[in-house]
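Mind looking at a prediction? Sequence and model below.
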Amino acid sequence: MSGSHRDDAPVVTKHFAQRPPVVVTPSGVSTTSDHPQRSSMTPFSTWRMPSETAPQERIFMGFPPLGELFGATHDEALVARTAWSEVANTIAGFLPVEMVVAPGDQEVARSMLTSSIQLHEAPLDEAWMRDFGPTFVVGENGQLGAVDWGFNGWGQQPSCWANDAKIGAFVANLAGAELVSSDLVNEGGGIHVDGRGTVFLTDTVQLDRFRNPDWSRTQIERELTRTIGVTSFVWLHRGLFRDALPGATRGHIDILAVPSDDATLLLHRQFDPSHPDFHLYSECRSVLDAAAARPTVGPGGFLTCPRHCGSGMK
């Protein structure tokens, strides 16, 4: 859906130690000695979402379908299909890949993907499996679960999303995972976890009136505790400026603040004072610094990464 600017440089912060539940908001930090209330659907969460860097068994992707976003013909969609295929073929050298393909696209997908990639046919509106696909979780006995969030096209964007809204349950079935249904409208790119009980998220996504108009912050936290097992919440107010433009996600966390392991966090930084995102870094730092200052969270330090990679790109 969106991407960061090429003149961005990440910042690394040492992350949070194991602790009691901590709630971090733009206006401050509060801690509780007891676990936050869970949804009435289950008294305690038995599910835990691993970090993105934890070992994985396989990867699910969606092959770009013909349509409004990628193009009405194969020639128009070729750029996207080539990019998706290159990513899938590369991953397949390390992990099994399974690709959901729209009806009528099996032949072209097979011609662009390595033979080891398994294809599954299902109607698609787009190909952002990270967002409309399920969030995989692990039970206390090691069983695999899959959270099927509500999906309405990133807050009712002006297109049709009926097919994508069904993919979470479809992929959960393919994976043999226990389905964990949720009424919370959310996308995979709207949350990031450290694998130790903390979730990073933004107000502009989770509290979006076009996603969850009747949900309070407390209700969202309870539902995330129930579904992905988190007990600490780091709320950043907004995402990148570009991600607030029409057709974008309204502030996904996955291009703003991303745990790179269970001890570090990559934080977006814009160095151009004239750029709309210039002050975003300091806003995020104030929230993260407030969290790091709490005895129950632990100290943190920041390391600025080089602005240019070895090839000279920003």
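Received it, and whenever you're ready, just let me know what you need. Numbers count the residues shown, from 1 in each chain.

how about the helices in this structure?
Secondary structure of the chain (DSSP state H): helices at 74-91, 106-112, 129-132, 153-156, 167-175, 203-206, 217-228, 280-292.

check contacts around H120.
E98, M99, V100, V101, F170, L174 (Cβ atoms under 8 Å, 6 or more residues apart in numbering). The C-beta positions use only the backbone N, C-alpha and C, and glycine is treated the same way.

neighbours around V97, how many?
Residues lying near V97 (other Cβ atoms under 10 Å) number 21.

Who does it form a beta bridge with?
With DSSP bridges applied, the residues forming beta bridges to V97 are I59.

Is it in contact with V87, as I believe?
No - between V97 and V87 there is no contact under Cβ atoms under 8 Å: 9.2 Å.

Name the residues contacting each of those two.
By Cβ under 8 Å, 6+ apart, V97 and V87 have these common neighbours: M61.

quick revisit: return the member of the contacts of H120 nearest to S51.
Of all the contacts of H120, S51 sits closest to E98, with 21.6 Å by Cβ to Cβ.

The closest one - nearest residue in space that isn't next to it in sequence?
Q118 (4.7 Å; Cβ to Cβ, 6 or more residues apart in numbering).

so how far is A92 from the one you found?
As judged by Cβ to Cβ, to the nearest Å, Q118 and A92 stand 10 Å apart.

neighbour-wise, which of the two wins?
A92 (19 against 14).

Next up, the contacts around that one.
Counting by Cβ under 8 Å, 6+ apart, A92 has contacts L113, T114, S116, I117.

Okay, now the unreliable bits of the stretch 151-300 of the chain?
262, 292-300 (pLDDT under 70).

change it to 80
Within the stretch 151-300 of the chain, the segments meeting pLDDT under 80 span 158-159, 261-263, 291-300.

which residue ranges form the strands in it?
178-185, 192-193, 198-202, 232-236, 257-259, 264-270 (DSSP state E, counting those that start in this stretch).

now for the shortest one, which elements pack on it?
This means strand 192-193. strand 198-202, strand 257-259 (3 or more Cβ pairs under 8 Å, 6 or more residues apart in numbering; DSSP states H and E).

Listing partners with orientation, what would you give for that strand?
strand 198-202 (antiparallel).

ok and the strand it pairs with relative to strand 264-270, angle-wise?
Calculated by axes from the mean of the first three to the mean of the last three Cα atoms, to 10 degrees, strand 198-202 forms an angle of 20 degrees with strand 264-270.

Point out the most buried one among the helices and strands packed on strand 192-193.
Of all the helices and strands packed on strand 192-193, strand 198-202 has the most neighbours on average by mean count of other Cβ atoms under 10 Å, namely a mean of 25.

could the strands of the stretch 151-300 of the chain go into a markdown table alongside distance to P55?
Formatted as a markdown table, the strands of the stretch 151-300 of the chain follow (distance: least, Cβ to Cβ, whole Å):
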| stretch | distance to P55 |
| --- | --- |
| strand 178-185 | 20 |
| strand 192-193 | 15 |
| strand 198-202 | 20 |
| strand 232-236 | 23 |
| strand 257-259 | 16 |
| strand 264-270 | 18 |
